[in-house]
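# What shape does this take:
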Amino acid sequence: MNAMMELCISTLTQGFIYALLSYGVYITYKILDFPDLTVDGSFPLGAAVTAIMLVKGVNPFVTLLAALFIGAVAGFVTGFIHVKLGVRDLLAGIITMTALFSINLQIAGSNLAIERSIDTIFTSGPIMAIMGNSSLIYRKFVVALVLAVVVKLILDWYLKTKSGLLLRAVGDNATLVTTLAKDKGNVKLLGLVIANALVALSGAVVCQEQRAFSSTMGTGQVVFGLAAVIIGTTLFRKLSFFKATTAVLIGSVFYKACIQVAISLGLPANLLKLATAVLFLVVLVLGNKQKGGRSLPEAADVSRSGR
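Take a look at the predicted model:
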């Protein structure tokens, strides 16, 4: 396998893994219209829990379930602060994100490396039994693709259920939810739980893919998620047969590819976050222009119908 092919496969793998995070941002930003900065804390939270459990010999697939659970707890805390304590949505996310930074440090320290002798979901028994003859980079690609597609299908199914329809209604028409004798606050809280569970799952997979945890790995992740969502829904908004989750998945891969191109052109590593911010700004501006010059929130507000 030549270097260019390996680079392409690696970029796709990263896009699929971060699509899990983008699904979560899609729920909060597009469906709930909730600017949830908890993402920058719940992403490394999932990674921290996964790293410490792997080091202690826990099955790598079990660590994914643990990450889902702990991410859901983080989302619940944000939802509780906002819904039950009456704190504004943006501030509620900031409070939880700030608290999680200290919690992550307590769980796994500032940095934690996972030794090569420790199995991950990419080198565990079941995966090796199926793809043992394949290279590690190919196994990562397949596992990441399967995870991204399976989670997408589950999310598509959920959004068609009664609970999912109520979730979508909260963002579109909260009054409708109230008329159905449902507490819109509790519905919003559920959405935050699901979203941050997915974000933490993404952090867990990244941790296993990189075999490392860093307390700063969550910095800017909400920007990535927003960019992936806006890119995907802007590119495919006129294609009614495209589900929104599919667009988000493609947007995640596209955004990662853009960053990889910048790195390949010689962009210094210490300027990567700057490049990410600039690219995100370009995406927002272009999306706004394509929407006929409406405000940025409106430009980003592509159909919440689950398509």
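# now the helices for this structure?
Under the criterion DSSP state H, helices of the chain are mapped to 3-25, 39-55, 60-79, 89-108, 125-131, 136-158, 162-172, 174-179, 184-210, 221-235, 244-264, 272-290, 296-300.
# Any idea which of those gets closest to Ile114?
Taking Cβ to Cβ, helix 39-55 is the member of the helices of the chain nearest to Ile114, at 5.4 Å. Glycine gets a C-beta too; all of them are placed from N, C-alpha and C.
# circling back: can you tell which of the helices of the chain is closest to Ser117?
Using Cβ to Cβ, the nearest of those to Ser117 is helix 39-55, at 10.9 Å.
# Remind me what that closest one packs against, helices and strands.
For helix 39-55, the packing partners by 3 or more Cβ pairs under 8 Å, 6 or more residues apart in numbering; DSSP states H and E come out as helix 3-25, helix 60-79, helix 89-108, strand 111-113, helix 184-210, strand 212-214, helix 221-235.
# For the fourth one, which strands pair with it and how are they oriented?
In the sheet, strand 111-113 lines up against strand 212-214 (antiparallel) (DSSP bridges).
# Any idea how far the partner strand is from the middle of the chain?
17 Å (Cα atoms, centre = their mean, to the nearest Å).
# Tell me which residues of it come out buried.
Judged by neighbour count using 16 or more other Cβ atoms under 10 Å, the buried positions of strand 212-214 are Phe213, Ser214.
# residues making contact with it?
Pro44, Ala47, Ala48, Thr50, Ala51, Ala108, Ser110, Asn111, Leu112, Ala113, Ile114, Cys207 (Cβ atoms under 8 Å, 6 or more residues apart in numbering).
# okay if I get these as JSON lines plus pLDDT?
Shown next, in JSON lines, are those (pLDDT from 0 to 100):
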{"residue": "Pro44", "pLDDT": "97"}
{"residue": "Ala47", "pLDDT": "97"}
{"residue": "Ala48", "pLDDT": "97"}
{"residue": "Thr50", "pLDDT": "97"}
{"residue": "Ala51", "pLDDT": "96"}
{"residue": "Ala108", "pLDDT": "93"}
{"residue": "Ser110", "pLDDT": "90"}
{"residue": "Asn111", "pLDDT": "94"}
{"residue": "Leu112", "pLDDT": "94"}
{"residue": "Ala113", "pLDDT": "94"}
{"residue": "Ile114", "pLDDT": "94"}
{"residue": "Cys207", "pLDDT": "96"}
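# Show me which of the residues you listed are buried.
Among the contacts of strand 212-214, the ones that count as buried by 16+ other Cβ under 10 Å are Pro44, Ala47, Ala48, Thr50, Ala51, Ala108, Leu112, Ile114, Cys207.
# Touching, the first one and Gly220? I think so.
No - in terms of Cβ atoms under 8 Å, Pro44 does not count as a neighbour of Gly220; the distance is 11.5 Å.
# Once you drop chain neighbours, what's closest to Asp119?
Closest residue in space to Asp119, ignoring its immediate chain neighbours: Pro60 at 5.8 Å, by Cβ to Cβ, 6 or more residues apart in numbering.
# any idea how far Ala47 is from the one you found?
Distance, Pro60 to Ala47, by Cβ to Cβ, to the nearest Å: 13 Å.
# Just confirm Leu198 contacts Gly71, I think it does.
Yes - the criterion here is Cβ under 8 Å, and Leu198 meets it with Gly71 at 7.2 Å.
# OK, contacts around the closest residue to Leu21 other than its chain neighbours?
Computed as Cβ to Cβ, 6+ apart, the closest residue to Leu21 that is not its neighbour in sequence is Ser202, at 3.8 Å. Ser202 sits next to Ile17, Tyr18, Ala19, Leu20, Leu21, Gly24, Phe43, Gly46 when contact means Cβ under 8 Å, 6+ apart.
# Tell me the most packed of the residues you listed, by neighbour count.
Phe43 (37 neighbours; other Cβ atoms under 10 Å).
# Next up, the contacts around it.
By Cβ under 8 Å, 6+ apart, Phe43 lies in contact with Leu21, Val199, Ala200, Ser202, Gly203, Val206, Met217, Gly218, Gln221.
# Return the closest of these with respect to Thr233.
Nearest to Thr233 out of these is Leu21 (Cβ to Cβ; 15.7 Å).
# So for that closest one, what's the pLDDT?
Per-residue pLDDT puts Leu21 at 97.
# I'd say it and Ala227 touch.
No - counting by Cβ under 8 Å, Leu21 does not reach Ala227; the two are 11.1 Å apart.
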